[in-house]
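K.L.:
Sequence and computational prediction follow.
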Amino acid sequence: MLGIEPLSAEQINFVLDQSKSFQEIQRHPLKKLATLRGKTVALAFFEASTRTRISFSTAAARLGADTMNLQAEASSLRKGESLLDTVRTLDAMKPDCIVMRHSASGAADFVARRLDIPVINAGDGTHEHPTQALLDALTIRDRRGSLEGLHVTILGDILHSRVARSNIHLLGKLGCRFTLCGPAMWVPRELECLGPPVRRVARIEEALEDANVIFVLRVQQERLHEPALPFEEYILLYQLTPERLRRARPDALVLHPGPMIRGLEIDPAVADGPQSCVLEQVTNGLAVRMALLFLLIGTVPPDSGDSRDAAD
Amino acid sequence: MLLIKNGRVLDPASQTDAALDVLIEGERIAETGRAISAPPAEVLDASSLVVAPGFIDLHCHLREPGDEPSENIETGTRAAARGGFTAVCPMPNTRPVNDNASVTRAMVERAQAVGSVRVWPVGAASAGSKGEALAEIAAMKQAGIVAVSDDGRPISTAKLLRQVMDYCRSLDLPVIDHCEDASLAAGAVMREGRQSVRLGLRGMPAATEAIAVARDIQLAELTGCRLHIAHLSTRASLELVRAAKYRGLPVTCEVTPHHFTLTDEDVAYDTRFKMNPPLGSRDDRNALLEGLADGTVDAIATDHAPHQPASKDVEFDRAPFGIIGFETAFALGLELVHAQLIGLKRLVELFTAGPARVLGLTRRIAAGEPADLTLFSADHPWTFRAEESASRSRNTPFDGRSFRGAPMVTLVGGRIAFRR
């Protein structure tokens, strides 16, 4: 699971359908299954992350798997070891899969080509964040029933957003169309070439007209190598306020991948309003990640060729 | 004595294209003519081969001194000989930088001792290639440099470049510039465009190069110094050079095989496709093909840039720029001939008379000239295997590519440097 781009609509729907059954478990008083007992999931986070790492480790725990944790701060990368040597060392401890986050685009692809175990991309640079897009799609589908024909507006720094890229691929394959809006240097023309129908709009008021779903992206200061736009300018032009939200469909959903800076990209009244799906997104993240772990390393049915080979 | 018999002599400089024999005595050509018979001579049968002047590569990196795990003068020139080159111009970004006569002399002497082909070093333009003060250019010229360049760390201020060009005009040396606006290139790992946006990799816009080309042409006009644009890669740059030539300015340019063969659409996360300047758009590639055909481009140069495998086996963002190119350059050029985009004579010119002219030399197949010759087949089928390369490095996007035509014999000063 390196990205959404290579997946078909059928594959995406299959993962979303599998995730439904894991949503149920989050509501049970006893949440732990034994499905992946004896399996080990390596969590290799080469870039700081709190919510995604906790989500994956909780998903693994609820399936009964053990986890191995590698965090950038404590890792040997600080001592000059290459990414390849680090993941080979992890691999030698025989995990069943690696969940990986890294600041370089393509890093998960790089590792997957060199190891024999499944790699789940938990965010690579400014490229993709496939599990985020899956949990977003699950959230929207729960509220709307279907994704077909929805008008999705994405606000913010789209060029540097792996969340935006994965969502455009995923929701596009499932029949959504997009309006992108943000400061011009963050919404380049080339985004129209990603595949799905995309239009770019300069004014937020226009971008919100007729929107069914609104993604508010975080202003990612850590990804900008140059002086960013002054905050005041961003707030003035692009903050999602209750007044602006009224231009969208009355039942429009508001999603945010977190972490959210209230008062910057989003007005607190919108973040806490009835249209906000922020907390459902977090819960659905667990379901999606459990489904993926189950699909990738769950026990192979005994009648398959793979298991016979393994027995030999 | 060596007699090359039954070959087709193709020499753009003297407008020769005829079935001729070439007799070599010692290091020089003794005679050319029809059906020469010289009984005591060793005979090299060149039936079905083209006999061309020795290829000259204006742009390469031999990594010695300083990065011998990636390449050295011995292995680099052996790879060059396999590619049909009889002379190569290594850039000065060695460690230490080739910015003074003692480094130049060490390179030249090393090449004489272990090199398969001639090594004509390019000296640094500024001390340490730091872009602050002039290097010891006159002393390096006496030691053997043929041009100056701060390749890889291009001079950022117009003021210093103007001084370098004023000075080099008086020394009659061309100035070679890697054209790049440093602020636009900072942090970028490929060309900005659809593919960089899709992959989430930081791109540099095409204008990064043309901005510097425009500035350099202004300075060539101001100083009268010969300016050579290294590895030109965009349509806008090519149009600037074409206009400068039209106005009679002393401006030349080279294009690499990878830029006329590949585009940014070929880039995924494979670091063998990472070089600087980065692979351009399809439109840029088409412009380069037009320039190769219409004469705007003066030379094909390899930018052979070896990097030891471990340094390239990393995340795309962290990998160094550059690919090896000696052994595939001419065969990639022949692809253009087979596709009828350029003629065979024009291709040979881009590897011989063109680069010689940039350096202020003439290279002809005629009595008294150095016996630097490349014998090639335009049809010989072969497959390039990086693991079989004579280079110490393996960083090439052309591993496994099948070709039609290849250099078969490389003669340097009458000596056989390579024979396929």
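P.N.:
Structure's in. What do you need? Since the structure is predicted, the reported quantities are computational estimates derived from the model, not experimental observations.

K.L.:
Tell me the residues on the stretch 151-300 of chain A that lie near chain B, please.
P.N.:
A:Leu159, A:Arg162, A:Arg165, A:Pro188, A:Glu190, A:Leu191, A:Cys193, A:Leu194, A:His225 (CB under 8 Å from any CB of the partner chain). In this view, the C-beta of every residue, glycine as well, is placed from N, C-alpha and C.

K.L.:
count of residues packed around the fifth one?
P.N.:
Here the count is done by other CB atoms under 10 Å in any protein chain shown, and A:Glu190 has 16 residues near it.

K.L.:
Which residue is the nearest non-sequential neighbour of it?
P.N.:
Leaving aside its sequence neighbours, A:Glu190 sits nearest to B:Val197 (CB to CB, 6 or more residues apart in numbering or on different chains; 4.0 Å).

K.L.:
Tell me which residues touch the closest residue to chain A within the stretch 301-420 of chain B, please.
P.N.:
Among residues of the stretch 301-420 of chain B, the one nearest chain A by CB to the nearest CB turns out to be B:Glu315. It sits 3.8 Å away. Listed by CB atoms under 8 Å, 6 or more residues apart in numbering or on different chains, the contact set of B:Glu315 reads A:Leu83, A:His102, A:Ala104, A:Gly106, A:Ala107, A:Phe110.

K.L.:
among these, which are in reach of chain B?
P.N.:
Restricting the contacts of B:Glu315 to those within reach of chain B (CB under 8 Å from any CB) leaves A:Leu83, A:His102, A:Ala104, A:Gly106, A:Ala107, A:Phe110.

K.L.:
surely the fifth one meets A:Ile98?
P.N.:
Right, the one you point to is A:Ala107. No. With the criterion set as CB atoms under 8 Å, A:Ala107 and A:Ile98 do not qualify as a contacting pair; they are 11.3 Å apart.

K.L.:
Which one of those two is surrounded by more residues?
P.N.:
A:Ala107 (30 against 24).

K.L.:
What pLDDT is listed against that one?
P.N.:
A:Ala107 is assigned a predicted lDDT (pLDDT) of 97.

K.L.:
same question, B:Gly152
P.N.:
For B:Gly152, the model assigns a pLDDT of 83.

K.L.:
Give me the nearest residue to it, chain neighbours excluded.
P.N.:
For B:Gly152, ignoring the flanking residues on the chain, the nearest one in space by CB to CB, 6+ apart is B:Asn93 at 4.6 Å.

K.L.:
Tell me which residues touch that neighbour, please.
P.N.:
Taking CB under 8 Å, 6+ apart, we find B:Asn93 in contact with B:His61, B:Ser129, B:Asp151, B:Gly152, B:Arg153.

K.L.:
Report the buried members of the residues of the stretch 151-300 of chain A next to chain B.
P.N.:
Neighbour-count burial (16 or more other CB atoms under 10 Å in any protein chain shown) applied to those gives A:Leu159, A:Arg162, A:Arg165, A:Pro188, A:Glu190, A:Leu191, A:Leu194.

K.L.:
How much space separates the residue nearest the centre of chain B from B:Ala214?
P.N.:
By CA atoms, centre = their mean, chain B has its centre lying nearest to B:Ala301, at 2.3 Å. For B:Ala301, the distance to B:Ala214 under the criterion CB to CB, to the nearest Å works out to 21 Å.

K.L.:
coming back round to it: any idea how far the residue of the stretch 301-420 of chain B closest to chain A is from A:Pro183?
P.N.:
Going from B:Glu315 to A:Pro183 by CB to CB gives 28 Å.

K.L.:
Give me the residue ranges of the stretch 101-250 of chain A where confidence is low.
P.N.:
For the stretch 101-250 of chain A, the stretches flagged by pLDDT under 70 are A:221-228.

K.L.:
For it, just list every one of the helices.
P.N.:
In the stretch 101-250 of chain A, the helices defined using DSSP state H, counting those that start in this stretch lie at A:107-112, A:130-144, A:162-173, A:204-208, A:231-238, A:242-245.

K.L.:
What is the burial count for residue 50?
P.N.:
In the absence of a named chain, chain A is used. The burial count assigned to A:Thr50 is 10, neighbours taken as other CB under 10 Å.

K.L.:
my bad, the chain I had in mind was chain B
P.N.:
Using other CB under 10 Å as the criterion, B:Val50 is surrounded by 21 other residues.

K.L.:
same thing with A:Glu5?
P.N.:
Burial of A:Glu5, expressed as a neighbour count using other CB under 10 Å, amounts to 19.

K.L.:
Please give me every residue in contact with it.
P.N.:
A:Glu5 makes contact with A:Glu128, A:His169, B:Arg198, according to CB under 8 Å, 6+ apart.

K.L.:
Look at it and report its pLDDT.
P.N.:
Looking at A:Glu5, its pLDDT stands at 97.

K.L.:
Am I right that it sits in a strand?
P.N.:
No. Using DSSP: H, G, I helix; E, B strand; the rest coil, the assignment for A:Glu5 is coil, not a strand.

K.L.:
And it, how far from A:Glu280?
P.N.:
The span separating A:Glu5 from A:Glu280 equals 25 Å under the rule CB to CB.

K.L.:
repeat for B:Pro121
P.N.:
From B:Pro121 over to A:Glu280 the distance is 66 Å, taken as CB to CB.

K.L.:
if you count what's nearby, which of these two comes out ahead?
P.N.:
Neighbour comparison, B:Pro121 and A:Glu280: the larger count goes to B:Pro121, with 26 against 18 (by other CB under 10 Å).

K.L.:
Pop out the phi and psi values for that one.
P.N.:
The phi and psi torsions at B:Pro121 (degrees, to the nearest 10) take the values phi -70, psi 150.

K.L.:
and it, how far is that from chain A?
P.N.:
33 Å (CB to the nearest CB, to the nearest Å).

K.L.:
need the contact list for that residue.
P.N.:
The contact partners of B:Pro121, by CB under 8 Å, 6+ apart, come to B:Cys89, B:Pro90, B:Pro92, B:Asn98, B:Thr104, B:Met107, B:Val108, B:Met140, B:Gly144, B:Ile145, B:Val146.

K.L.:
Do a quick rundown of the strands in chain A.
P.N.:
A:40-45, A:66-71, A:97-102, A:119-124, A:151-155, A:177-181, A:198-200, A:213-216, A:253-255 (DSSP state E).
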